[in-house]
Every structure is written in structure tokens, then in C-alpha cells.
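*Asks:* give me the fold of what follows.
(chains A and B)
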Amino acid sequence: MLKAKIILVALGAALVVPQALAGATPEEDRKQAVEYFKQMFPEVPFEEYVNGQYALNEDRRGQWESLQDFPPYEFAVAEGQEMFETPFANGKTYASCFENGGIGIRQNYPYFDEDQKQVMTLELAINQCREANGEEPLRYKKGDIASISAYMATTSKGKPFNIKVSDDPDALAAYEDGKQFYYSRRGQLNFSCASCHVQNPGKWIRADFLSPALGQPSNFPVHRSKWGELGTLHRRFAGCNRNVRGEPFAPQSEEYRNLEYFLTYMSNGLPVVGPSTRP
Amino acid sequence: MSKSLLTIGLSLSLLAPLSAQAGAKEDFQKIYSEAESAHKNAGNFQWTTTSSRLEEAESAAESGDYDKAKAMASEALKLAQESVDQREKQAEAWKNIAIGG
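*Replies:* Residues are numbered from 1 along each chain as shown, chains lettered A, B, ... in the order given. Sure thing, here's the model as predicted:
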């Protein structure tokens, strides 16, 4: 009986760990998240979190590493570079829209655009650039936009994410909105993003091995075996929502951009490693 | 039995299924409307299962199968109400598991 009580108390303590680590600012949230995962996986070095599930499972890591000799996204990245460098009809290129000509800037996205009062993701910025130069916007889930975004990510490889949430109340509200989304249960199966990636990383859910929340956006756009091609982070968000029988949102919707803002902020300090491959 | 009585009896027997179908159609429309409203009220917590039941209900109604349409709409209403409950509960409950509260 006493043993049962001890187990119940321990279980209760384990369940309230996130609350006990209560923070008030995005930076406190991030530090506490790092500490939370450090306690959960003491043997995993911080920088390994960019490798998601492969940081937690040696067998799967071995298979994944062997795939890196001939990564399946190479052609898409080459095409992305070609599109990035090809002038629009007006003679300008993507470089004209971005700081430093768009080279080595992936780690600063998404950011809160104080003029537009919204979260600016890299894919949204790519399409705004196209429209500003008289071109049609690209579709957001896959294809050309994933290739261009992947190429831009390669130019930032190894640079640590440096997402900023300023004191602007609108920026803070966007971050909080993304945070609420991440932790809210949704869909008929009643799962939140956190149910899998905060509470149960390192465990199997049917045939999927769950990755930790830290580092999740670092490897996007990602080539998934399931897709057979590159896809964007918002494509993955929509898939997760559908998996729990929740209605997905449109890619680049305010919901998904705010979610990306929160999730990428949590990965500050981790390097850009995209594109990468996942099952 | 007179010819006129026979005619009245025959007419009534033919009208009965039609009036029953009219009742089923009205029932379906009422439930479907409630389900649609609840689904909308779920906001950004809508369930795919509700959407598919609503589509099935609409499709059955278009083909004139109001019994099936009503059954699908009733399922949609139940699911939609559960999704509204989820939205209301999660407005606060998410903080209980959030790192940083």
C-alpha cells in the first residue's frame, strides 16, 4: 500500500514538472525547456537535438546516417539554387528582397514584422518577394518553394537559430498564441503537439518514433520517405493535425506561422541543419 | 365497399410514406443545421470526423435517403459538440502541461 502511494506521489510530481518550471518570458520558457529535456535525456548533448528521433535511437540513427551518403534532396536543392539565382521578368532576383542577398539568413526566420504586424516566415517572405516583383506566388507545401527554402537553408548550415521576440505586445501575443497552440489538445484523438513531443519523446506511437520538441524546425524543409519529396514545416504541421483527426489549417495561416514562431524560438542556439531526411 | 371509399383508402396509403419522408427531411434539416452551427462554434478545434459526417449527411440527403442523412447529421452533431467542449476546456487546460505555464 505504502509502495503504491509512493508511486502515485512520484507520478504526480512527474506530471507537474513543466508547471513547477514556470517561466514568465519566452527566454525563460526556452531555458526551462532545455532543462526539462536535459533531465529527460541526460545522455543527449544539446546540439544533438537537431537530429530529432535519431538523437534518441541508435538503430534508427544508423539507418539514417547511411542515407546521408546520397541524400535524396540534393537535386531539389540544386533546382532551388537555380531558381533563386534566375532573374524575374523584371530583371531582379530573390537576392534583392533579403538582407545579405538572402545568403546565410535562414537562422533569423521566422521573425515578427512590426510593420505588417505579423510573423514573417521564410516561405512567406519568398512569396512576398515574388509578388513585389510581379510574379505569381508559389504553393506553400512542396515543390518550388520547398526547393528555394532548402537552398537558402543550406547557406545557413551550422549557424545557430537566433529568433527574437521583442517587447512589442503584438510580437509577444504571436509567440503566446503559438505556445498555446503547441500545448492545446485537439482533434478527436485529443492530442496536443506536446502530448507526443514534450511528454513522450523517445517512445513509439504505432510505427513512429517520437522526436523531442527541441530542434524540430532545424532540419526543414525535410525530405520524408512518406512524401517521396521535400516538404515544408507547415505541410508537416497539417499532417500532424490530420493524424489526430483535427482539421488542419492552411499553410502560412496565422495559426501555423505563430506556431512556427514559438517552436523555432525554443530551438534558439541550435544550428540550422536543413534540409534533412525523415521517415 | 363503395368505389369512393376504396379511392380514399388507396390515396391515404400512398400519402403515408410521403408524409413520413417529409418528416425525416425536416428532422434531417434541423439536426444538420445544429451540427453545422456547433462545428463552426468549435473554431480552430474542428474535427475532421465532423466534417466527413456532415459531407456524408449532405450526400445522402441529395440522393433522397433522409434516414441515412439524419443518422449522419446526428453523428456530426455529437462530434461537433465534443469538439466545442474540447475548445472550451483547452482554453485553460493547456497551461497545465506547458513548460513555463
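
*Asks:* next up, the contacts around A:Val198.
*Replies:* A:18, A:36, A:183, A:212-213, B:97, B:99 (Cβ atoms under 8 Å, 6 or more residues apart in numbering or on different chains). Where you see a C-beta, it was placed from the backbone N, CA and C, and this is true even at glycine.

*Asks:* neighbour-wise, which one of those residues leads?
*Replies:* Within these, B:Ile99 tops the neighbour count with 27 neighbours, counted by other Cβ atoms under 10 Å in any protein chain shown.

*Asks:* right, and that one touches A:Tyr36 too?
*Replies:* Yes. If you go by Cβ atoms under 8 Å, B:Ile99 and A:Tyr36 touch, sitting 5.5 Å apart.

*Asks:* what residues sit buried inside stretch A:173-187?
*Replies:* Residues of stretch A:173-187 classed as buried: A:174-187 (neighbour count, 16 or more other Cβ atoms under 10 Å in any protein chain shown).

*Asks:* contact residues of chain A facing chain B?
*Replies:* Where chain A comes near chain B, counting by Cβ under 8 Å from any Cβ of the partner chain, the residues are A:18-19, A:21-24, A:28-29, A:32-33, A:36, A:179-180, A:182-188, A:190, A:192, A:194, A:198-199, A:242, A:245-247, A:249, A:255.

*Asks:* what's the spacing between the spatially most central residue of chain B and A:Val198?
*Replies:* Centrality entry for chain B: nearest residue to the mean C-alpha point is B:Ala73, 2.0 Å, by Cα atoms, centre = their mean. Distance of B:Ala73 to A:Val198, given as Cβ to Cβ, to the nearest Å: 37 Å.

*Asks:* then A:Pro137?
*Replies:* A:Pro137 is 34 Å from A:Val198, by Cβ to Cβ.

*Asks:* what about the residue of chain B found nearest chain A, helix or strand, and which?
*Replies:* Closest contact between chain B and chain A, by Cβ to the nearest Cβ, is at B:Gly100 (3.5 Å). Using DSSP states H and E, B:Gly100 falls within no helix or strand.

*Asks:* swap in A:Thr277?
*Replies:* Assigned by DSSP H and E, A:Thr277 falls in strand A:276-278.

*Asks:* same question, A:His223
*Replies:* Assigned by DSSP H and E, A:His223 falls within strand A:222-224.

*Asks:* and that strand, what's buried?
*Replies:* In strand A:222-224, counting by 16+ other Cβ under 10 Å, buried: A:222-224.

*Asks:* helices along the chain, start to end?
*Replies:* By default, I'm working from chain A. Remark: helices assigned in chain A by DSSP state H are A:2-15, A:17-20, A:26-40, A:58-67, A:74-85, A:122-132, A:144-154, A:169-183, A:193-197, A:233-243, A:254-266.

*Asks:* sorry, should have said chain B
*Replies:* Under DSSP H, chain B gives helices at B:3-41, B:48-62, B:66-93.

*Asks:* please work out the average pLDDT along the first one.
*Replies:* Helix B:3-41 shows an average pLDDT of 74 in the prediction.

*Asks:* what does stretch A:254-269 give?
*Replies:* The model assigns stretch A:254-269 a mean pLDDT of 98.

*Asks:* what does chain B put close to chain A?
*Replies:* So chain B meets chain A at B:44-49, B:51, B:79, B:82-83, B:86, B:90, B:93-101 (Cβ under 8 Å from any Cβ).

*Asks:* the residue nearest the centre of chain A and chain B, how far apart?
*Replies:* With distances taken as Cα atoms, centre = their mean, A:Pro217 lies nearest the centre of chain A, 2.1 Å away. In this view, A:Pro217 and chain B are 17 Å apart by Cβ to the nearest Cβ, to the nearest Å.

*Asks:* show me what contacts the closest residue in space to that residue that isn't next to it in sequence?
*Replies:* Closest residue in space to A:Pro217, ignoring its immediate chain neighbours: A:Thr264 at 4.7 Å, by Cβ to Cβ, 6 or more residues apart in numbering or on different chains. By Cβ under 8 Å, 6+ apart, the contact set of A:Thr264 is A:109-110, A:161, A:163, A:217.

*Asks:* now flag whichever of the residues you listed is closest to A:Pro71.
*Replies:* A:Pro217 (18.6 Å; Cβ to Cβ).

*Asks:* wait, the closest one sits on A:Tyr265?
*Replies:* No. Assessed by Cβ under 8 Å, A:Pro217 is found out of contact with A:Tyr265, at 9.7 Å.
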